[in-house]
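>>> From the sequence below, what's the structure:
(chains A and B)
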Amino acid sequence: MLEPARPDAGSSAVRKPRVRFAPSPTGFLHVGSARTFIFNWLYARHNGGTVVLRIDDTDVERNTQASLNSIFEGLRWLDLGWDEEYQQSERLAIHRRIADLIFDRGLAYRDFTPAHAGDAEKPGGQGTWLFNPGVRDLSRAESDRRAAAGEPFAVRFRVPREAVQQIRFVDRVYGEQAKSTADIEDFALLRSDGMPTYHLASCADDAELQIDHIIRGQDHLSNTFKHILIFEAAGFTLPQFAHLPLLVAPDGTKLSKRRHGPVVSVTTYRDAGFLPEAFVNFLCLLGWSPKDNREKMSRQELIEAFTLEGINRANAVVNFKDAPALDRTSSAQQVSRPGATAVEQRNSSAQQVSAGDASERKVQVPPGTAHILAPEETFDPKAIWLNAEHIRALSIEDLTDRLAPIVREGGFKTERRKMLQITKLIQERIKLLRDVITVADFFFVDHLPPYESAELIPHQGDAAMAQKVLRKAHEVLAQTEFKHDTLDHSLRAAAQELGVKAGQMFQPIRVAVCGRKNAPPLFETLEVLGRDTTVQRIEQAIRKLQ
RNA sequence: GGCGCUAUCGUCUAGGGGUUAGGACGGAAGAUUCUCAAUCUUCAAACCCGGGUUCGAUUCCCGGUAGCGCUACCA
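Numbers count the residues shown, from 1 in each chain, chains lettered A, B, ... in the order given. Here you go, the predicted structure:
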């Protein structure tokens, strides 16, 4: 996984930026991280630069393999790729060397006081550790003696106190930034176990990997002053900084797995049937604008249009609906549509209260929960819309290739020839790839799922009319050629013969063959279904009406 | 608490000293079609508050408020 450092960086006068995306494997890849990666990638591609993926895994306690897998899974799905890859834990020697360098220059010191995490949370925010004069002024001899004696210590940066100065830099998004060293605490470089902290490892690697543009979340804006201190202490040239506005939940809080559930995980979007190019497009529009009113953009268009200047400064809300389990107000009302997805079904079964005894053996919904949200209701409506736009922009072949695996995973079998026909019929009717299961199921199954016979009754008609229409349809369809135009003519003629409106003729047939009222256009549908299935389903419908 | 950042329709945003403050999603209404979808048309919907600068501020400056971030031997 580890590759040797690049031999010759930045030697040419041409500015080919080197950017990096540095996730830490302490959770799944979430949408905010994904967007940071995308912006880095776009910036690099727009300028012919290099994208470095660096796994920031210096927090041994919290790293998990599952998280690492999830991150790669997410990144692979995004399908953008990267040019170089590193793992921070394999570069500890570099971090150590930089820490020693800073220490040897007298710009850092050993702190022998035990770790005291949590002080910052003291009531009133007091107890904030800015620096401890007694500790930082320990004589070098004393410090060396205690270290030699094996006493554990952390290494802290000696932030200038006596001559207070302003640290300044120009952020490519937020403009001029300044902070007094009086407001910067003596942050740690090395922990007492010898592991580097994020600040040290990040800066050491950024410098060593010759990263010249650091594009990251705005939560690092205040940290940048510390980083500049490190860069300067080690004698590194400063990279450019560009901070991105944060992605927040509808309630304004930072996105988190705990509070907001799977909607913040990239793989959730994949599993729900988003197209990676649509998802990327959506994320780009959160906090960035091409400024020309374009919304739907291809990957290439994004590369061409992307500039740091187009980035906004205010946080952006990802407008998803809260997970269903959280407090819903109105009274219990289960949504049970015929097309309920597996996710919904899992949710709804999870929400059923296990009844105590047989007397109250009815399905209940706990108070405060009501509406089970369908996938298309939980995601940001704009993401859904963009996805539908991208789906419609796909060729039939391409879309079929993406739909087929989902159909197969859904337990249906179909051959490509038929699938191509189906795709054509549903392309503008699905918003998520997964919708193929609920929208086109009747093409795949041998037996239609049950439906109410009342559905067969046409508008302004009755059961008798439904009967009459279906019998006539049965008669006509038994001998008509199953081609769009022929079906159109004969069925319309039949309607006229019966003295019913075309709609009253078509609707019972549609319900009979599709098992529901809303479906793709009738004649095309019949063509794909074929005579045998059609006739058989009409017979079933007629029996149903008796 | 300290420090920093931010503030245009419900949401994403464009704009910018004088505009009918533009677009998109979502919502509503209508057209169209064999239902649905798609498409088209129309409508409702915003410059956080208070001062200043100015002939004129939504735009520039200051203050307030609110939100967010940092304030760990997390990243």
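>>> who touches the residue nearest to A:Ile509 when sequence neighbours are not counted in this structure?
Take A:Ile509 and drop its neighbours on the chain: the residue closest to it by CB to CB, 6 or more residues apart in numbering is A:Ala473, 5.1 Å away. Quick note: C-beta positions are derived from backbone N, CA and C, even for glycine. Counting by CB atoms under 8 Å, 6 or more residues apart in numbering, A:Ala473 makes contact with A:491, A:494, A:505, A:508-509, A:512, A:538.
>>> May I see these organised as JSON lines, with neighbour count, distance to RNA strand B and secondary structure added?
Formatted as JSON lines, the contacts of A:Ala473 follow (neighbours: other CB atoms under 10 Å; distance: CB to the nearest atom of the strand, whole Å; DSSP: H, G, I helix; E, B strand; the rest coil):
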{"residue": "A:Leu491", "neighbour count": "23", "distance to RNA strand B": "9", "secondary structure": "helix"}
{"residue": "A:Ala494", "neighbour count": "19", "distance to RNA strand B": "13", "secondary structure": "helix"}
{"residue": "A:Met505", "neighbour count": "28", "distance to RNA strand B": "8", "secondary structure": "helix"}
{"residue": "A:Pro508", "neighbour count": "26", "distance to RNA strand B": "10", "secondary structure": "helix"}
{"residue": "A:Ile509", "neighbour count": "28", "distance to RNA strand B": "8", "secondary structure": "helix"}
{"residue": "A:Ala512", "neighbour count": "27", "distance to RNA strand B": "12", "secondary structure": "helix"}
{"residue": "A:Ile538", "neighbour count": "22", "distance to RNA strand B": "15", "secondary structure": "helix"}
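>>> Dump these to a markdown table, plus pLDDT.
Putting those into a markdown table (pLDDT from 0 to 100) gives the following:
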| residue | pLDDT |
| --- | --- |
| A:Leu491 | 95 |
| A:Ala494 | 94 |
| A:Met505 | 95 |
| A:Pro508 | 96 |
| A:Ile509 | 97 |
| A:Ala512 | 96 |
| A:Ile538 | 96 |
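>>> Farthest-apart pair in these, please.
The span of those, defined through CB to CB, is set by A:Ala494 and A:Ala512 at 14.4 Å.
>>> before we move on, the earlier item: what about the residue nearest to A:Ile509, which SS state?
Three-state assignment for A:Ala473 (DSSP: H, G, I helix; E, B strand; the rest coil): helix.
>>> Kindly export stretch A:148-158 (C-alpha atoms) in PDB.
C-alpha atoms of stretch A:148-158 as PDB (Å, rounded to 0.1, in the frame of the first residue of the first chain):
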ATOM      1  CA  ALA A 148      16.300   9.200  30.800                       C
ATOM      2  CA  ALA A 149      14.800   7.900  33.900                       C
ATOM      3  CA  GLY A 150      12.000   6.600  31.800                       C
ATOM      4  CA  GLU A 151       9.300   8.900  33.000                       C
ATOM      5  CA  PRO A 152       6.600   9.300  30.300                       C
ATOM      6  CA  PHE A 153       6.100  12.600  28.700                       C
ATOM      7  CA  ALA A 154       4.200  14.300  25.900                       C
ATOM      8  CA  VAL A 155       6.000  16.800  23.700                       C
ATOM      9  CA  ARG A 156       4.300  20.100  23.400                       C
ATOM     10  CA  PHE A 157       4.800  23.000  21.000                       C
ATOM     11  CA  ARG A 158       6.200  26.100  22.700                       C
END
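>>> for it, the distance to its chain's centre please.
The chain centroid and the centroid of stretch A:148-158 are separated by 42 Å, computed with CA atoms, centre = their mean, to the nearest Å.
>>> lowest-confidence helix or strand of chain A?
Least confident element among the helices and strands of chain A, by mean pLDDT, DSSP states H and E: helix A:342-351 (a mean of 31).
>>> So what are the structural domains in chain A, by residue number?
Split into domains by automatic domain parsing, chain A comes to A:394-444, A:453-545.
>>> Helices along the stretch 151-300 of chain A, start to end?
In the stretch 151-300 of chain A, the helices defined using DSSP state H, counting those that start in this stretch lie at A:198-208, A:223-233, A:257-260, A:266-272, A:276-284, A:299-305.
>>> Compare the mean pLDDT across those and name the weakest.
Sorting those by mean pLDDT places helix A:257-260 lowest, at a mean of 78.
>>> where does A:Gln460 land in three-state SS?
Under three-state DSSP, A:Gln460 comes out as coil.
>>> how about the residue lying closest to it once chain neighbours are set aside, what does it touch?
Ranked by CB to CB, 6+ apart and with sequence neighbours excluded, the top spatial neighbour of A:Gln460 is A:Gln504, at 7.1 Å. A:Gln504 makes contacts with A:458-461, A:465, A:469, A:495, as judged by CB under 8 Å, 6+ apart.
>>> out of those, which is most surrounded?
Within these, A:Val469 tops the neighbour count with 29 neighbours, counted by other CB atoms under 10 Å.
>>> Could you export the domains of chain A as CSV, including distance to A:Ser180?
Converted to CSV, those look like this (distance: least, CB to CB, whole Å):
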stretch, distance to A:Ser180
domain A:394-444, 51
domain A:453-545, 64
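>>> looking at those, which is closest to A:Thr307?
Distance to A:Thr307, taken as CB to CB, is lowest for domain A:394-444 among the domains of chain A, at 28.0 Å.
>>> Is RNA strand B within reach of that closest one?
Yes. Shown here: domain A:394-444 in contact with RNA strand B (CB under 7 Å from any atom of the strand) through A:428-429.
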